[in-house]
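Enquirer: next comes the sequence, and after it the predicted model I'd like to discuss.
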Amino acid sequence: MNDKLTLNNLEKLMEMETQLRGEYQPKLDEKDAAITKLADNKTALETRISELEKTIATQLTTITELSGKSKDAQALEQRNRELHNRSENMKEDIAVAKDRVKALQKDLAVERAELAELKKYDPQRLRKNLDATKKKLAEKTTAADKLQKSVTQARAENTELEQKVKDLEAQLAETNSENEDQAEEGSQAAA
């Protein structure tokens, strides 16, 4: 009975899993696409950061060369300030980009965890377990039927034996009463 309930529960679980897959598969596909897009964005941001750092390095080199070559210190200082401001702005852009990359990585981790959770309900494995459970149930049912037949046969034999014992007890009682009657007749004849 419990095996039958378990089998029903497994079938219901498989139906529910199929329904959930139907419901959530498009969402999972969208999430996978979003993850891929986020990974592409991350690569693009890292490339942009690398380019910005190269630009900063180039600009710093240019500033150094100009400061050595330039006779006009004031123009050079002005240029240095401008480049410094630009580099600060770029550093801020890089910091924002890094924060965004971290946020995207967190989102990616959440999506991967959710995907892993959904993959736990593997229908092939569940079907395999269901088939194994059905086999075990069939074996146990066969064994229970055999035991039931043995019990029925043993009860029938027991009933027959009890009847034989009753018959033999009745014969014994009848024989004892005949022997007593004969013994009484023998005692009366002797007297």
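Expert: Good, I have the coordinates.
Enquirer: tally of neighbours for K31?
Expert: 19 (other Cβ atoms under 10 Å). Just so you know, the C-beta spots here come from the backbone N, C-alpha and C atoms, and that holds for glycine as well.
Enquirer: err, K102, not the other one
Expert: If we define neighbours as other Cβ under 10 Å, then K102 has 11 of them.
Enquirer: could you chop the chain up by domain?
Expert: 1-121, 123-191 (automatic domain parsing).
Enquirer: buried residues of stretch 23-40, list them for me.
Expert: Buried residues in stretch 23-40, counting neighbours by 16 or more other Cβ atoms under 10 Å, are found at 31, 35, 38.
Enquirer: chain center to stretch 31-49, what's the gap?
Expert: Stretch 31-49 sits 30 Å away from the centroid of its parent chain (Cα atoms, centre = their mean, to the nearest Å).
Enquirer: so for it, mean pLDDT?
Expert: Average pLDDT, stretch 31-49: 83.
Enquirer: what does stretch 92-111 give?
Expert: Mean predicted confidence for stretch 92-111 is 92.
Enquirer: which one of the domains of the chain is the most hemmed in?
Expert: domain 1-121 (a mean of 12; mean count of other Cβ atoms under 10 Å).
Enquirer: helix/strand/coil for Y121?
Expert: Here Y121 is coil, with the state taken from DSSP: H, G, I helix; E, B strand; the rest coil.
Enquirer: list the contacts for the nearest residue to it once chain neighbours are set aside?
Expert: Spatial nearest neighbour of Y121, chain neighbours left out: E17 (4.8 Å); criterion: Cβ to Cβ, 6 or more residues apart in numbering. Each residue near E17 by Cβ atoms under 8 Å, 6 or more residues apart in numbering is listed here: 121, 123, 126.
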